[in-house]
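Q: model this:
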Amino acid sequence: MTAATDLASPARVTGLPDGLVMRGLAVGELASLVALEALVWGWQADGRRADWLAEFLEPGHTIGVFQGGELVAAHGMTALKLTVPGGQVLDFAGFTFLLVHPLLRGRGLMSALTLHGLDLAIRDGRMPAGGGMPHHSRTHLRYGSGVATRYANVEIGLDGQRELRGVTDDGRLELLGHDAALGVMHEVSAQLSGVRNGWVPRARCTDRYRYSGSAGNRARYGPMVFAGHRKEVQGSGSGYDGFLSYRQCVESDSHGRPRGALQIDELFATSPQAEAQLWRHCFANPLVSSVTASRRPVRDPIIARLTDPRGWRQTVRDDMIVYLLDVPAALAARRYSRDDTVILEVHQPDGDRRRYALDGGLDGARCEPAGRAPDIGMPATALCAAYLGDVSLAELAAAGQVEEYTAGSLRRASAMFSWSPAPLVQDTF
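A: Here you go, the predicted model:
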């Protein structure tokens, strides 16, 4: 970020309450952003956070609202890469750090900042889609976003199951030191970009910041343990294709029997076999009787390898919201499970209705404005929700969010947009 920005808002923005000024933030003001964040979320400000934000946030897209010189609200954006169905990788606007001072809530600042952030991204022109991970996702539907991904928080009881079905060794597992682990994690995550639907790799600066406290204990858990899976490739040496980070604690019940717990922080790999071998490592410790993991796929394939699937308990929650900043470009970028053509009518929150002819399949797609009568109509929020294939247009129609105008078109369009596997995002941003 720089002190001056070409895309910063003017000194005053229409619709703000009197006495408030909206403008771009400078690097020297990031400490105020960290302090506001701590006030809003009720945690202690981290002095290292401002240095991370200086690398993380996109120049010209971090906006603040000031009252008498004090920062009272903010909204930022980071430039990311999103893998869409079919493996194409889009430039993606990651909207983040939406904060409003507790004494100024309910005065329209969230709407002013969100709409201005969307406008900046559209004017920038690089990114056909954007998204965020707000704590209250449905509050953003009013701006035209859709809940496009989900994940599961998981707890697995290990009593009676230590083995996984059908796991074969095709490499070796290595424990890693902190610095080496960050390199392996970034290497494997980069390999998943363009492969795993919905994948949004973290920036290196975020990797460093996220794991900066890994050597210390967290609550009852000990320091972070890192492991990498290295696959032997005949004639080309070896490379890492799996990454695992976890913490564990060792406890006993009243009879002295081990009742420890292992908490997976991240576990991902480029192949099902490598991922299964990382899971097997977590199950193998005889001092551990339960494993927990967050941000797992809702239909995690590892479940089919469990000897006792009923030991798997999960809680599903919504995750990333998506905005289609350029509808034709975003729809043309992904691939479709059925070769077909459909005319979509998309209703924007401001009442604008636009029609698009979408012609797509597994080999490519085209999307352009259309003048013909639409086959199906929907609000922008429904199209955004269906964009990555996590929810079908037929399901959205059952919820009253999609309307069929041409008989049979809903089933055809729903088949087009469907995709497996469902999208999964690496982490929050």
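Q: where along the stretch 201-350 of the chain do the helices fall?
A: Counting by DSSP state H, counting those that start in this stretch, one finds helices in the stretch 201-350 of the chain at the ranges 204-210, 272-284, 327-333.
Q: residue ranges with poor pLDDT in the stretch 1-150 of the chain?
A: Scanning the stretch 1-150 of the chain for pLDDT under 70 picks out 1-15.
Q: can you pull out the helices in it?
A: Under DSSP H, counting those that start in this stretch, the stretch 1-150 of the chain gives helices at 30-41, 49-56, 109-124.
Q: which helices and strands sit right next to the longest one?
A: Counting contacts by 3 or more C-beta pairs under 8 Å, 6 or more residues apart in numbering; DSSP states H and E, helix 109-124 packs against strand 20-24, strand 63-67, strand 70-83, strand 89-100. Heads up, the C-betas are built off the backbone N, CA and C, glycines and all.
Q: Check which residues of that helix are buried.
A: 109-110, 112-118, 120-121, 124 (16 or more other C-beta atoms under 10 Å).
Q: residues contacting Arg210?
A: 202, 427 (C-beta atoms under 8 Å, 6 or more residues apart in numbering).
Q: follow-up on the earlier one: would you turn the helices and strands packed on helix 109-124 into CSV with distance to Gly157 and mean neighbour count?
A: CSV is the format used below for those (distance: least, C-beta to C-beta, whole Å; neighbours: other C-beta atoms under 10 Å):
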stretch, distance to Gly157, mean neighbour count
strand 20-24, 51, 19
strand 63-67, 47, 22
strand 70-83, 33, 23
strand 89-100, 36, 22
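Q: mind giving me the domain split of the chain?
A: 20-127, 152-316, 326-417 (automatic domain parsing).
Q: Make a markdown table from those domains and add distance to Leu424 to it.
A: Listed next are the domains of the chain as a markdown table, based on distance: least, C-beta to C-beta, whole Å:
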| stretch | distance to Leu424 |
| --- | --- |
| domain 20-127 | 10 |
| domain 152-316 | 5 |
| domain 326-417 | 9 |
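Q: Dump the helices of the stretch 201-350 of the chain to TSV, plus distance to Gly76 and mean pLDDT.
A: Output for the helices of the stretch 201-350 of the chain, formatted as TSV (distance: least, C-beta to C-beta, whole Å; pLDDT from 0 to 100):
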stretch	distance to Gly76	mean pLDDT
helix 204-210	13	95
helix 272-284	33	96
helix 327-333	22	98
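Q: can you count the residues close to the residue nearest to Ala93 when sequence neighbours are not counted?
A: Among residues not flanking Ala93 along the chain, Gly130 sits closest, at 3.2 Å (C-beta to C-beta, 6 or more residues apart in numbering). When neighbours are counted by other C-beta atoms under 10 Å, Gly130 registers 25.
Q: What of Glu187?
A: 14.
Q: re the thing from before, do you know how far the residue nearest to Ala93 is from Ser212?
A: Gly130 sits 27 Å away from Ser212 when distances are taken as C-beta to C-beta, to the nearest Å.
Q: if we can go back for a sec, dump the helices and strands packed on helix 109-124 into JSON lines; add distance to Asp253 as well.
A: Formatted as JSON lines, the helices and strands packed on helix 109-124 follow (distance: least, C-beta to C-beta, whole Å):
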{"stretch": "strand 20-24", "distance to Asp253": "57"}
{"stretch": "strand 63-67", "distance to Asp253": "52"}
{"stretch": "strand 70-83", "distance to Asp253": "44"}
{"stretch": "strand 89-100", "distance to Asp253": "43"}
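Q: Perfect, I'm done here.
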